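Enquirer: the sequence and its predicted three-dimensional model are supplied below.
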Amino acid sequence: MLGIEDHLSRRDRGCLDGHFLVAMPGMSDERFERTVIFVCAHSENGAMGFILNRPQPLRFEELVENLDLDGRSQPQGRPARKTGMSECARDFPIQCGGPVDAGRGFVLHSDDYMSQSTMPVNDDLCLTATVDILRAIKDGCGPRRGIMMLGYAGWGPGQLESEIFANAWLSCPATDDIVFDPDHSGKYDRVLASMGIAPAMLSTEAGHA
């Protein structure tokens, strides 16, 4: 399976790029039960994305307290604060992004923050997986909207397509408002509602909307 950077750097994008996946009731893998996943990249070589409704109790302040963030970050267009932890950083959301590379952090964020390591996901969203964005968030000059993900979900060639054919997932175009919705417990039903589907209907639905 390709790494996350390999997926995002490829040009041969698939039809599920920028889509939500919603787990069906018959999902056999309990790690994905009632999950909503944002697909960042999809191609003939596989797919990868992030679970959007599995919050972590870990606070951003706890996460960075043992990291060396003394160097100054200089993101485009934002003046950095000089000291301390910004208020927005204290409440910056951290979620379980998936079972692959679960010890590694990724920040899915709006496109108003850019660094040399930032990779565009679509027209509005970007992904940064280096310490520069943690420093920027801490200083209060990070992206306007973002989520830190620990790990990601990945599929090998043809695997996701097979799972959708087996009725394990529904899919629909993603929206930023749902991606960044802080109501984790309601996100699953909200995505279904955007497709005009009630949870009770799921057992009779085919693999995509």
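Expert: Cool, the structure landed.

Enquirer: what comes up buried for stretch 100-107?
Expert: Counting neighbours by 16 or more other Cβ atoms under 10 Å, one finds that the buried residues in stretch 100-107 are D101, G105, F106, V107. (Glycine included, C-beta is placed from N, CA and C.)

Enquirer: show me the beta-bridge partners of the third one.
Expert: It refers to F106. Here F106 sits in beta bridges with M149, going by DSSP bridges.

Enquirer: could you check how far it is from M148?
Expert: In this structure, F106 and M148 are 7 Å apart, going by Cβ to Cβ, to the nearest Å.

Enquirer: likewise for the second one?
Expert: Computed with Cβ to Cβ, the distance linking G105 and M148 is 6 Å.

Enquirer: overlap in contacts of these two?
Expert: L63 (Cβ atoms under 8 Å, 6 or more residues apart in numbering).

Enquirer: assign the closest residue in space to V121 that isn't next to it in sequence to helix, strand or coil.
Expert: Among residues not flanking V121 along the chain, C40 sits closest, at 4.9 Å (Cβ to Cβ, 6 or more residues apart in numbering). In terms of secondary structure, C40 is strand; the call rests on DSSP: H, G, I helix; E, B strand; the rest coil.

Enquirer: pretty sure C40 sits against L52.
Expert: No: taking Cβ atoms under 8 Å as the contact criterion, C40 and L52 are not neighbours in contact, 11.5 Å apart.

Enquirer: now for K138, how many residues are close by?
Expert: 25 (other Cβ atoms under 10 Å).

Enquirer: give me phi/psi at it?
Expert: Note on K138: backbone dihedrals following degrees, to the nearest 10 are phi -60, psi -40.
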